[in-house]
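> Turn this into a model:
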Amino acid sequence: MKRSGSADLPLHYGHVPPWLAERMAKLGLAVVENIVLDYGKDEVLRRLSDPFWFQSLGAVMGMDWHSSGITTSVMGALKGAVNPHSRELGIYICGGKGKYSRKTPDELLKIGESTGLDGNHLVKCSKLSAKVDNTAIQDGFQLYTHSFILSSSGKWAVVQQGMSAQSKTARRYHWHSEGLTSFVEDPHTFIYGQNAGQILNMADKQADSSRKGVMQIAAENPDHMLKEINKLVMPAHHDVKAKDVDLKRLGAVLWLAHEKQPKDFEELLLLQGLGPRTLQSLALVSEVIHGTPSRFKDPARFSFAHGGKDGHPFPVPTKVYDETIGVLQNAIHKSKLGNSEKNEAIKRLTQVAQQAEKDFTPNANFDQVIEKERNDSWKYGGRTVIGKANPPGQQQLKLF
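Reported below is the predicted structural model:
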């Protein structure tokens, strides 16, 4: 096994309202389906094991862009939406928060029975990843959520989160079974530490018990181990500031959506007819699906697709959200029938935006962009956890 990254997040409480949870599930499924169609099921695991991509996915879904709530909400939405299509997609999601995390072993054993994978080995991998983050690494965080994502090829990823009551922060841990090709024929699953010189293969016949494996990891210097992984540290402030966003990348998307339009780009003509605001969201969702790892270093930028349930950077534009989901679902449906033109147009959207960045100089005032989004929010069905957005001049929603 290999710890692929971690994220430190402000600890937030609250709930996801039903109107947002339903949309998160639909968008999450569409994103997963697109990735499977274009890059394969194992790419979904690699994406989920990247803390920056995961945070960007949560932001584009309309969650609080930086808070701990992204973890449980995104994984809950994905589990509910993806699992009914597991046989088709080859993706299975187990576990969850609290009592649901304790059901992970039973869920994995059932999947093993239905797929022919080694359920007992999967359970061992699940327990070991939890033991390492909760016991072997003494960082003051106690796990309270554990999600195990598995593909029918036998590869897997883990997304789990711990809480520190003292610092009032949460830490999310990501794992990826990189290099694992089989669970049934001498599989190899590893744990790496800097200059360790020791490799633990849990599947080898001569391997020691899980507890001895954890003890070997505990002997390593945690500082060395943490330096080796991809780490994301989110700020404490609730609002989205200019310093949180790559203004060149965001500006290029806004320019493409609101000034140029698909009619100016021959390769995007199939997207003509979409409103500028929907095109803005679709461009950011397209990047989540098709962007490379280096594109997700500023997760806050993706909150400019569908805002946030807390009102930051602006209320969730539900009408735009629904139209974006509709475009993606329609493209996926046509691709499955052999017509991939619209799906390819969505893919090219992010390519055109990245091309525009090369010669783009940001000149828009960041605060004015957010102010415009908030003023126009009522037109697009803007909502937060406390209610609907009103037109300018009427009493507005209180932003936390």
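> longest helix of the protein?
When the chain is parsed with DSSP state H, its longest helix is helix 18-39.
> Now do that helix: which elements does it pack against?
Packing contacts for helix 18-39, counted by 3 or more Cβ pairs under 8 Å, 6 or more residues apart in numbering; DSSP states H and E, involve helix 41-48, helix 51-60, helix 69-82, helix 86-89, helix 276-290, helix 318-336, helix 341-357. The C-beta positions use only the backbone N, C-alpha and C, and glycine is treated the same way.
> Show me what the shortest one is packed against.
Right, the one you point to is helix 86-89. Right, helix 86-89 is packed against helix 18-39 by 3+ Cβ pairs under 8 Å, 6+ apart.
> and the angle from the helix it packs on to helix 69-82?
70 degrees (axes from the mean of the first three to the mean of the last three Cα atoms, to 10 degrees).
> Just the CA atoms of helix 18-39, as PDB, please.
Extracted C-alpha coordinates of helix 18-39, given in PDB (Å, rounded to 0.1, in the frame of the first residue of the first chain):
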ATOM      1  CA  PRO A  18     -31.600  17.400   0.000                       C
ATOM      2  CA  TRP A  19     -31.800  19.800  -3.000                       C
ATOM      3  CA  LEU A  20     -28.000  19.800  -3.100                       C
ATOM      4  CA  ALA A  21     -27.400  16.200  -2.200                       C
ATOM      5  CA  GLU A  22     -29.500  15.100  -5.100                       C
ATOM      6  CA  ARG A  23     -27.500  17.200  -7.500                       C
ATOM      7  CA  MET A  24     -24.200  16.100  -6.100                       C
ATOM      8  CA  ALA A  25     -25.100  12.500  -6.700                       C
ATOM      9  CA  LYS A  26     -26.100  13.200 -10.300                       C
ATOM     10  CA  LEU A  27     -23.000  15.200 -11.100                       C
ATOM     11  CA  GLY A  28     -20.700  12.800  -9.300                       C
ATOM     12  CA  LEU A  29     -22.100   9.900 -11.300                       C
ATOM     13  CA  ALA A  30     -21.700  11.800 -14.600                       C
ATOM     14  CA  VAL A  31     -18.100  12.700 -13.700                       C
ATOM     15  CA  VAL A  32     -17.300   9.000 -12.900                       C
ATOM     16  CA  GLU A  33     -19.000   7.800 -16.000                       C
ATOM     17  CA  ASN A  34     -17.100  10.200 -18.200                       C
ATOM     18  CA  ILE A  35     -13.800   9.200 -16.600                       C
ATOM     19  CA  VAL A  36     -14.600   5.500 -17.100                       C
ATOM     20  CA  LEU A  37     -15.600   6.100 -20.700                       C
ATOM     21  CA  ASP A  38     -12.500   8.100 -21.600                       C
ATOM     22  CA  TYR A  39      -9.800   6.800 -19.300                       C
END
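> Okay, angle between that helix and helix 341-357 too, please.
Using the same axes, to 10 degrees: helix 18-39 against helix 341-357 is 90 degrees.
> what's the neighbour count on residue 292?
Using other Cβ atoms under 10 Å, residue 292 has 10 neighbouring residues.
> What of residue 337?
8.
> Could you measure from it over to residue 349?
21 Å (Cβ to Cβ, to the nearest Å).
> Right, I'll call it a day here.
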